[in-house]
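Visitor: Below are the sequence and a predicted model; questions follow.
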Amino acid sequence: MAKKAKAYVLDSWAVIAYLEDEPSAEQVEELIATAHEEQIPIYMSVVNVGEVWYTLAREVSEEEANAGVKMLSDLRIQFENVDWELTQEAARFKSQNKMSYADAFAAALAKVKKADLVTGDNEFKPLDGQIKISWL
C-alpha cells in the first residue's frame with residue numbers, strides 16, 4: 001500500500017481540471033475530500049493561484065477567475081506566499097529542467113513542504129524521483 005502523504009501541493013493543471021470539470025476533476029475532488037477527512041494540508045503557491053486566475057480570466061472572465069479562486073479558498077487550500085527560499089528552489093528547478101517558471105514554483109513548494117505534488121502535467125516527469133508526484 002502506498003505511503004500516505006503528509007501534505008499535498010496542487011499545481012494549476014490539477015486545479016483547472018477540477019474547476020473546468022475535465023476528466024481528472026473527480027480524482028482531484030476525491031483527493032481534496034480525503035485530505036480534509038484525514039487532516040492532510042493542501043497547499044498552492046500564490047504563483048500557481050495567479051496562473052489559475054489568469055487562465056480563467058482569459059478563457060472565461062475575470063468574474064469567473066475570482067469565483068474560482070474563492071472556491072479554492074473555500075476548499076481550505078492554503079495559499080503559500082513566495083519567499084527567497086521558495087524562489088531559489090523554483091529557480092533551481094527551472095535552471096535544470098525544461099519547464100515553465102510557474103510549474104517550477106509548484107515543484108519547489110512540494111519539495112520545501114515535503115508534500116506530494118498533484119498533477120497530470122507531463123512537464124513534471126523529469127522531476128519524478130526528486131519530488132513525490134501523485135499523478136492524475
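Guide: On my side now, so go ahead.

Visitor: Where does pLDDT dip in the protein?
Guide: Residue ranges of the chain with pLDDT under 70: 1-3.

Visitor: Show me the helices in it, by range?
Guide: For the chain, the helices defined by DSSP state H occupy 12-19, 25-37, 46-59, 62-74, 84-96, 101-113.

Visitor: who does the third one touch, helix- and strand-wise?
Guide: Looking back up the chat, that one is helix 46-59. helix 12-19, helix 62-74, strand 78-80, helix 101-113 (3 or more C-beta pairs under 8 Å, 6 or more residues apart in numbering; DSSP states H and E). Every residue, glycine included, has its C-beta placed from N, CA and C.

Visitor: How about the shortest one?
Guide: The criterion is 3+ C-beta pairs under 8 Å, 6+ apart, and the helices and strands that helix 12-19 contacts are helix 25-37, helix 46-59, helix 62-74, helix 101-113, strand 116-119.

Visitor: Give me whichever of those is most buried.
Guide: Counting by mean count of other C-beta atoms under 10 Å, strand 116-119 has the highest mean neighbour count of the helices and strands packed on helix 12-19, with a mean of 27.

Visitor: mind putting the helices and strands packed on helix 12-19 in TSV, distance to A5 included?
Guide: Below are those laid out as TSV (distance: least, C-beta to C-beta, whole Å):
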stretch	distance to A5
helix 25-37	8
helix 46-59	18
helix 62-74	18
helix 101-113	10
strand 116-119	4
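
Visitor: ok so, going back, I42: which of the helices and strands packed on helix 46-59 is closest?
Guide: strand 78-80 (6.7 Å; C-beta to C-beta).

Visitor: Please identify which of the helices of the chain is closest to S134.
Guide: helix 25-37 (7.3 Å).

Visitor: Show me the contact partners of the closest one.
Guide: 5, 8, 10, 14-15, 17-18, 40-42, 75-77, 118, 134, 136 (C-beta atoms under 8 Å, 6 or more residues apart in numbering).
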